[in-house]
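Student: Take a look and give me a structure for this.
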Amino acid sequence: MVLVVRSDLGLKKGKIASQCAHAAVMCYVKSASVNETMLKRWLVQGQPKIVVKVDDLEGMERIAELAAEKKVVAEIVRDAGRTQVQSGTETVLGLGPDSAEVIDSLAGHLKLILPGPLLRIGLRLLSGLMKPQSQSRSVLSCNRLGTVRQV
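Tutor: Okay, here's the model as predicted:
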């Protein structure tokens with residue numbers, strides 16, 4: 001599953017998280033009725049989700065149209081308008097779940113949403129320039145998307 005966030009809206013991190021959660025649930029519900037086999041495969045694989053950014057509404061709509069042509073589940077979140085944007089603003093496009101090849105054909109050209117300072121800290125930890133706070137043994141894990149976590 002890929003969640004495509006409009007970068008032109010300047011949404012705060014919490015808003016992005018909640019809008020992505022809405023998109024993921026919407027895609028899950030839709031997939032349960034139109035592509036149950038793919039949904040089950042996605043669930044067994046750990047429900048992977050990738051969050052990327054698109055420049056504007058037009059870019060998001062182009063991807064949604066391509067998804068419809070390829071018969072990929074595509075759900076657009078329209079905000080209720082209680083906080084940062086006006087009611088009805090299209091904030092996030094959820095795609096899938098589907099095969100990696102199909103999803104990549106739709107959104108593979110988009111850049112990941114990664115908070116700059118967090119990524120720099122993670123890279124420094126990985127390169128050994130920063131030492132973990134505790135004296136205990138620390139193991140860091142970095143997935144293919146660049147997410148760093150202590151395990």
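Student: got the residue ranges for the helices in this protein?
Tutor: Counting by DSSP state H, residue ranges of the helices within the chain are 13-34, 36-44, 57-69, 100-107, 116-127.
Student: ok, L39 - how many residues close by?
Tutor: The local packing of L39 (other CB atoms under 10 Å) involves 23 other residues. Placement of C-beta: from N, CA and C, glycine included.
Student: roughly how far apart are it and Q47?
Tutor: Look at L39 and Q47: by CB to CB, to the nearest Å, they are 10 Å apart.
Student: which residues are in contact with both of these two?
Tutor: Taking CB atoms under 8 Å, 6 or more residues apart in numbering as the contact definition, L39 and Q47 share the neighbouring residues P97.
Student: Adding distance to T89, write the helices of the chain out as JSON lines.
Tutor: Formatted as JSON lines, the helices of the chain follow (distance: least, CB to CB, whole Å):
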{"stretch": "helix 13-34", "distance to T89": "10"}
{"stretch": "helix 36-44", "distance to T89": "28"}
{"stretch": "helix 57-69", "distance to T89": "9"}
{"stretch": "helix 100-107", "distance to T89": "20"}
{"stretch": "helix 116-127", "distance to T89": "25"}
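Student: per-residue confidence for the residue nearest the centre of the chain?
Tutor: When CA atoms, centre = their mean is applied to the chain, the residue found nearest the centroid is V51 (1.9 Å). At V51 the predicted local distance difference test score is 94.
Student: Hmm, K111 and it touching each other?
Tutor: No. Using CB atoms under 8 Å, V51 is not in contact with K111; the gap is 10.4 Å.
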